[in-house]
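Enquirer: Predicted model follows, preceded by the sequence.
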Amino acid sequence: IPARDHAALLLAQCCVENNLQAEAASLLQPLQQRLPYARWPQLHNAMGMLALKRGQPRLAMGHFSNGLCRSRNNEALLQNLAGTADLYLNDVPAAMGY
């Protein structure tokens, strides 16, 4: 795994947390095309969090779900799916399912 790509993922996660949306997107989007990152649940989680920051909860759910397909018991993804369903989509039954 190239160290530069790994650093880009970590930096992108920091950008998402600090609401630096353009910077996060510019780091995350190229990683979606590269292996092994395209398979990493961390990438999908970061993309989902970025979508939430951009006010796109349905897109966020898609990213979180894609990550969950790659890591079935990932607690962060399950929590983000439940929180998004409840707080952003007002879908309590779906939230309880996660």
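Expert: Yep, that arrived. Residues are numbered from 1 along each chain as shown.
Enquirer: Do a quick rundown of the helices in this structure.
Expert: 3-17, 21-31, 41-53, 57-70, 75-83, 92-97 (DSSP state H).
Enquirer: got the angle between the fourth one and helix 21-31?
Expert: With axes from the mean of the first three to the mean of the last three Cα atoms, to 10 degrees as the criterion, the two stretches helix 57-70 and helix 21-31 enclose an angle of 40 degrees.
Enquirer: Could you pull out the buried residues of helix 57-70?
Expert: Within helix 57-70, the residues scored as buried using 16 or more other Cβ atoms under 10 Å are 57, 60, 61, 63, 64, 66, 67, 68. Placement of C-beta: from N, CA and C, glycine included.
Enquirer: In this structure the third one contacts residue 48, no?
Expert: Yes. Under the criterion of Cβ atoms under 8 Å, residue 61 makes contact with residue 48 at 7.4 Å.
Enquirer: mean pLDDT lowest for which of the helices of the chain?
Expert: Of all the helices of the chain, helix 3-17 carries the lowest average pLDDT, namely a mean of 89.
Enquirer: quick one: residue 31 from residue 41, how far?
Expert: 13 Å (Cβ to Cβ, to the nearest Å).
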